[in-house]
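*Asks:* task: produce atomic coordinates for the following.
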Amino acid sequence: MTVDIKEILKSIREVAPMSNLSPKDFADEGGYADILAGFFVEQDMKQHKDRLKPTQLRKVFHTLKTIERKYKPKGDEEAFIISDVLSLKPELAYAMGRELIPIEFYDLMKNSLTAPKLPKVKDFRRLIEFLTALLAYHKYRKGIKTSSEKGGKE
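*Replies:* Now for the predicted structure:
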């Protein structure tokens, strides 16, 4: 059974808090992160341009990792300060408006960066784990597509 991109986005939208998202759902090959990465790379190839630029994906990831370092010394049950991540939403809207990221990525992040999703540090860490997997699969799939284009013309 193939999972549709809209089903994945809906599943992530409905999970709250983020710690309820199981790593087996997103980290395995064929999981949410892999399927989303495949979707973004396929869309890029169809349109002959990067809709989800690796630099944009890394920018979001590194911003969140910087926030995570702030909470590193604190325990998982420590209350998470959502205002730290809310400042990322306008940046995402700006990137969306400039067509640097696709609507699907914008929706994913907009729906993930909310108070009900991130009430505690452990929920924020789960979001980081998910984005780590997405970034890794995006790089992997982009590499496969690039090498198949170069070597596929024999």
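*Asks:* distance of the closest residue to residue 53 other than its chain neighbours relative to residue 88?
*Replies:* Closest residue in space to residue 53, ignoring its immediate chain neighbours: residue 100 at 6.0 Å, by C-beta to C-beta, 6 or more residues apart in numbering. In this view, the C-beta of every residue, glycine as well, is placed from N, C-alpha and C. With the distance defined as C-beta to C-beta, to the nearest Å, residue 100 ends up 14 Å from residue 88.
*Asks:* go on, residue 7?
*Replies:* 25 Å.
*Asks:* between these two, which is the more surrounded one?
*Replies:* residue 88 (17 against 12; other C-beta atoms under 10 Å).
*Asks:* the more buried one reaches residue 113, doesn't it?
*Replies:* Yes - the pair residue 88 / residue 113 is scored as a contact, 6.1 Å apart, by C-beta atoms under 8 Å.
*Asks:* which helix or strand in this structure has the lowest average pLDDT?
*Replies:* helix 83-86 (a mean of 84; mean pLDDT, DSSP states H and E).
*Asks:* and the nearest residue to residue 115 once chain neighbours are set aside, what's its pLDDT?
*Replies:* Among residues not flanking residue 115 along the chain, residue 82 sits closest, at 4.7 Å (C-beta to C-beta, 6+ apart). pLDDT recorded at residue 82 is 80.
*Asks:* neighbours of residue 82, just the number please.
*Replies:* 15.
*Asks:* got a list of what it touches?
*Replies:* Contacts for residue 82 were tallied using C-beta atoms under 8 Å, 6 or more residues apart in numbering; they are 114-115, 118.
*Asks:* Produce a PyMOL select command limited to the buried residues of these.
*Replies:* With 16 or more other C-beta atoms under 10 Å as the burial test, the buried ones among the contacts of residue 82 are selected in PyMOL as follows:
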select buried, resi 114+118
